[in-house]
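# Kindly generate the corresponding structure for this input.
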Amino acid sequence: MKRVLVTGAAGFVGANLVRRLAADGHATTCLVRPGSDTWRLEGVRDRVRLLECDIRDANATSRAVHDAHPEWVLHLAAWGGYSWQADRARIADTLVGGTNNLLAACIAAGAESFVNTGSSSEYGLRDHAPEESEEPKPNSAYAAGKAKATEACRKAAQSSAMRVVTLRPYSAYGPWEEPNRLIPTLITNGLKGELPPLVDPEVARDFVWIEDLVEAYLLAAEREPHEPGAVYNVATGTQVTIWQAVEVARSVLGIPAEPEWGSMPNRMWDTNCWVGNPALIQRTLGWAPTVEFPDGFRRTVEWFRANPPILESYVLRQSGSC
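So this is what the prediction gives:
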């Protein structure tokens, strides 16, 4: 059992990670922004400790880390990953300043492992599956902030005894995902026999099942990386187009509606090539994806069907009523 501190614990990946840690018996402290909506932590709150802290505040971060006294730190707190989080100053303060504050506090507290959450967006637009050794080419404030935070982690690893690793996840999906993302929207509409507005059918993603991603965090925390400050892609190596995702949804849910392609405009980050190369994490940490997209989609549908109150909550959140 480890003392584990999870930042961004109220988010999609963070909440799944917290559930796994609690189930495994780790003493888990959840660090969340003051005023955060902690709806994803319902049902696990009695098995973890919740602390409010804005990691942009160095003193508050130092106090929170000292209080938690973690052996493992899993850093998922972020800002700027969604279209409504567009404040460039806040993005930089959170991703870069906040990560530096947390690194300093964790080194001072004698933490054993620090797993930083990078982003596949650090690579920018590519026509292939990039390797971790390739130079980042971020094309947004969020991606640039993530790239700077990754570099800060690398430097901290080289100048301290703390084991520091950065994971670059591709498109995670599964239970507790942000309600307005593609997969939850496909499912909530599909359960009514409908399809939502859709972008270009050739837009692609490398979809990673959430439990596979959680496993990557645990392996990164407990195993020795191949170099200080190592960076690892967490990807399947197989991309799925939006057309393919919709066809899986139509098959699993029996949706009679025909897709209306282009009824939603493409986002600035949409591309026909978005796939990761997982060779390094497989070779070094022994991680590999275990769930292919059609099976993961079915599992997510089953989770919704088994939890009607959560399904109702998603519908309300998608409509802006919650």
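# okay, CA-based contacts and neighbour counts for the rest of this
Will do.
# how about the residue lying closest to Gly254 once chain neighbours are set aside, what does it touch?
Closest residue in space to Gly254, ignoring its immediate chain neighbours: Gly193 at 7.2 Å, by Cα to Cα, 6 or more residues apart in numbering. Counting by Cα atoms under 8 Å, 6 or more residues apart in numbering, Gly193 touches Leu253, Gly254, Ile255, Pro256, Ala257.
# Out of those, which sit inside helices?
Per DSSP state H, helices hold the following members of these: Leu253.
# Throw the contacts of Gly193 into TSV and include pLDDT, thanks.
Listed next are those as TSV, based on pLDDT from 0 to 100:
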residue	pLDDT
Leu253	98
Gly254	98
Ile255	98
Pro256	96
Ala257	96
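# ok, so of the contacts of Gly193, who is nearest Arg267?
Ala257 (23.7 Å; Cα to Cα).
# Roughly how far does that closest one sit from Leu186?
In this structure, Ala257 and Leu186 are 12 Å apart, going by Cα to Cα, to the nearest Å.
# what residues are shared contacts of these two?
Both Ala257 and Leu186 are in contact with Leu195, where contact means Cα under 8 Å, 6+ apart.
# contacting residues around the spatially closest residue to Arg163 that is not a sequence neighbour?
Computed as Cα to Cα, 6+ apart, the closest residue to Arg163 that is not its neighbour in sequence is Ser113, at 4.6 Å. Taking Cα under 8 Å, 6+ apart as the contact definition, Ser113 lies against Glu71, Trp72, Val73, Met162, Arg163, Val164, Ala221, Glu222.
# For those, pick the one with the most neighbours.
Among these, Val164 has the most neighbours (other Cα atoms under 10 Å), with 29 neighbours.
# did I read that right, that one in a strand?
Yes. Assessed by DSSP: H, G, I helix; E, B strand; the rest coil, Val164 belongs to a strand.
# Just the pLDDT for the residue nearest to Gly254.
The pLDDT attached to Gly193 in the predicted structure is 97.
# residue ranges of the strands in this protein, please?
3-7, 27-32, 49-52, 72-75, 113-117, 163-169, 171-173, 204-205, 207-209, 231-234, 240-241 (DSSP state E).
# For the longest one, C-alpha coordinates in PDB please.
Once non-C-alpha atoms are left out, strand 163-169 reads as follows in PDB (Å, rounded to 0.1, in the frame of the first residue of the first chain):
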ATOM      1  CA  ARG A 163      11.500   9.400 -10.000                       C
ATOM      2  CA  VAL A 164       9.600  11.600 -12.600                       C
ATOM      3  CA  VAL A 165       7.800  10.300 -15.700                       C
ATOM      4  CA  THR A 166       5.500  12.000 -18.100                       C
ATOM      5  CA  LEU A 167       2.700  10.100 -19.900                       C
ATOM      6  CA  ARG A 168       1.200  11.400 -23.100                       C
ATOM      7  CA  PRO A 169      -2.200   9.800 -23.300                       C
END
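# Could you tell me the angle between it and strand 113-117?
Comparing the axes of strand 163-169 and strand 113-117 via axes from the mean of the first three to the mean of the last three Cα atoms, to 10 degrees yields an angle of 20 degrees.
# how far does strand 163-169 sit from the chain's center?
12 Å (Cα atoms, centre = their mean, to the nearest Å).
# Show me what it pairs with in its sheet, parallel or antiparallel.
strand 113-117 (parallel), strand 231-234 (parallel) (DSSP bridges).
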